[in-house]
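Student: Need a 3D model of the following:
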Amino acid sequence: MASIPISVLGVATLFAVVVATEPIARRVNLPLSITLVIVGAILGFSIDIGNSILSTSLTISSEAFLYLFLPILLFETAIDIDVRRLLADIGPILLLAVVAVLGSTVVVGFALAATSTYGLVACLLLAAIISTTDPVAVVALFKDLSVPHRLSLLVEGESLFNDAAAIAMFSVLMTMLTSGSGDWSDAVWAFLRGFSGGLLVGFVLAFLATHLLTHLPGKRTAEVTVTVTVAYLAFVVGELAFQVSGVVAVVSAALVFSYDGRTRVSPETWSFLVRIWKQLGYWASSLIFLLAALRIPDLLSGAGLADIMMLGVLVLSALAARGLVL
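Tutor: Next comes the predicted model:
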């Protein structure tokens, strides 16, 4: 186990890389997320991570990724969204976030199963992982082009729910793959239960928390702490206590705060709270991109021609599926 000083040094080094990447991204006119992936991959190829003094401190499990970073990213995305405008377009948003993800998962999964030796459930599992879209680069481009606000809202709104849909599908497919039991009707029921249950858990927790805000007038740091607590509680309670989608629970809680919580604090406090969440989201997303990119060399070391061909099938089928839904 890495010592605490080495772990702190590892995190500080990653933040230093993020800061140094900012001017590079601006110069090459690329989103920071994409630039961080490129820089992280270059670092991974140029440095023997396995023998590095920071190797242990930079190693993080997939479960840690979910429980540490995902609640922050989801809550930060949803807390400042215009809920009334979101509800006005909830139909097309859910079409993109749920139907498009389901459709892409099916198309990509069957395409991979037809061109590989892997089973259908395993191929669908991979398809569920890659069927969601990341709006960061798209929204940045929309701002540069001054597109209508509704278009940006559709993309941002989709991003709130598509991860939830994909993770719910992933959990169901993983259970089917590992246990060898279950049928598609069970999968559909589990998906609906996880999605609706997550909505309820997040709503109840946020409803209680927003009423707590009225007892903390002028205590900005305490009010921010309430939102951070709810974000993590929604995820953990949803996943572990009720076995529903923790992702949906976090999004639901954030939307309740965006709709009702802002009316229970002063405008200055709300602006302060949103700025804090933007900072937390910046840290979390930057670390995720860097930590994931540092693993690229190890992941590619065993790739062969068959893997590259499957990657081509995956990309083409995903683009085709998304195009059909649009």
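Student: so where's the stretch 151-300 of the chain shaky on pLDDT?
Tutor: Low-confidence segments of the stretch 151-300 of the chain (pLDDT under 70): 180-184, 186-187.
Student: packing partners for the helix or strand containing Ala100?
Tutor: Using DSSP states H and E, Ala100 sits within helix 100-115. Secondary-structure packing of helix 100-115 (3 or more Cβ pairs under 8 Å, 6 or more residues apart in numbering; DSSP states H and E): helix 120-130, helix 149-179, helix 305-325. (Glycine included, C-beta is placed from N, CA and C.)
Student: Now find how far off-centre it is within its chain.
Tutor: How far helix 100-115 lies from its chain's middle: 21 Å, per Cα atoms, centre = their mean, to the nearest Å.
Student: Repeat that for stretch 99-107.
Tutor: For stretch 99-107, the distance to the chain centre is 18 Å (Cα atoms, centre = their mean).
Student: do the same with stretch 288-296
Tutor: The answer for stretch 288-296 is 15 Å, by Cα atoms, centre = their mean.
Student: Just the buried residues of it, please?
Tutor: For stretch 288-296, burial by neighbour count (16 or more other Cβ atoms under 10 Å) applies to 288-296.
Student: Now secondary structure and distance to Val237 too, for these, in TSV please.
Tutor: Shown next, in TSV, are these (DSSP: H, G, I helix; E, B strand; the rest coil; distance: Cβ to Cβ, whole Å):
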residue	secondary structure	distance to Val237
Ile288	helix	23
Phe289	helix	28
Leu290	helix	30
Leu291	helix	26
Ala292	helix	27
Ala293	helix	32
Leu294	coil	32
Arg295	coil	30
Ile296	helix	34
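Student: of those, closest to Ala249?
Tutor: Of all the buried residues of stretch 288-296, Ile288 has the smallest distance to Ala249: 20.1 Å, by Cβ to Cβ.
Student: who's in contact with Val226?
Tutor: Neighbouring residues of Val226 by Cβ atoms under 8 Å, 6 or more residues apart in numbering: 209, 212-213, 216.
Student: could you redo the last one with a cut-off of 6 Å?
Tutor: Val226 makes contact with Ala209, according to Cβ atoms under 6 Å, 6 or more residues apart in numbering.
Student: Please apply the same query to Asp260.
Tutor: Asp260 neighbours (Cβ under 6 Å, 6+ apart): Thr210.
Student: Also the one 3 residues further on?
Tutor: With contact taken as Cβ under 6 Å, 6+ apart, Thr263 is in contact with no other residue.
Student: and if you look at the one 10 residues further on?
Tutor: Going by Cβ under 6 Å, 6+ apart, Leu273 touches Val224.
Student: Downstream of the host helix or strand of it, the next helix or strand is which one?
Tutor: Under the criterion of DSSP H and E, Leu273 resides in helix 267-293. Where DSSP H and E defines the elements, the next helix or strand beyond helix 267-293 is helix 296-300.
Student: Which strands or helices does that next one pack on?
Tutor: Contacts defined by 3 or more Cβ pairs under 6 Å, 6 or more residues apart in numbering; DSSP states H and E place helix 296-300 against helix 32-46.
Student: what residues does the helix it packs on touch?
Tutor: Contacts for helix 32-46 (Cβ under 6 Å, 6+ apart): 21, 24-25, 136, 289-290, 293-294, 296-297.
Student: now the angle from that helix to helix 267-293?
Tutor: On the basis of axes from the mean of the first three to the mean of the last three Cα atoms, to 10 degrees, helix 32-46 is oriented at 30 degrees to helix 267-293.
Student: Which residues belonging to helix 32-46 are considered buried?
Tutor: 32-33, 35-41, 43-44.
Student: backbone phi and psi for Phe242, please?
Tutor: Per-residue torsions, Phe242: phi -110, psi 0 (degrees, to the nearest 10).
Student: contacting residues around it?
Tutor: Phe242 is in contact with 197, 201, counting by Cβ under 6 Å, 6+ apart.
Student: Also the one 5 residues further on?
Tutor: Val247 makes contact with 163-164, 167 under the criterion Cβ under 6 Å, 6+ apart.
Student: just those residues now: which is nearest Lys143?
Tutor: Out of the contacts of Val247, the member with the shortest distance to Lys143 (by Cβ to Cβ) is Asp163, at 22.0 Å.
Student: Measure how buried the closest one is and give me the count.
Tutor: 24 (other Cβ atoms under 10 Å).
Student: And for Val107?
Tutor: If you count neighbours by other Cβ under 10 Å, Val107 ends up with 19.
Student: now swap in Leu213 and tell me
Tutor: 22.
Student: what does Phe65 give?
Tutor: So Phe65, with other Cβ under 10 Å, has 15 neighbours.
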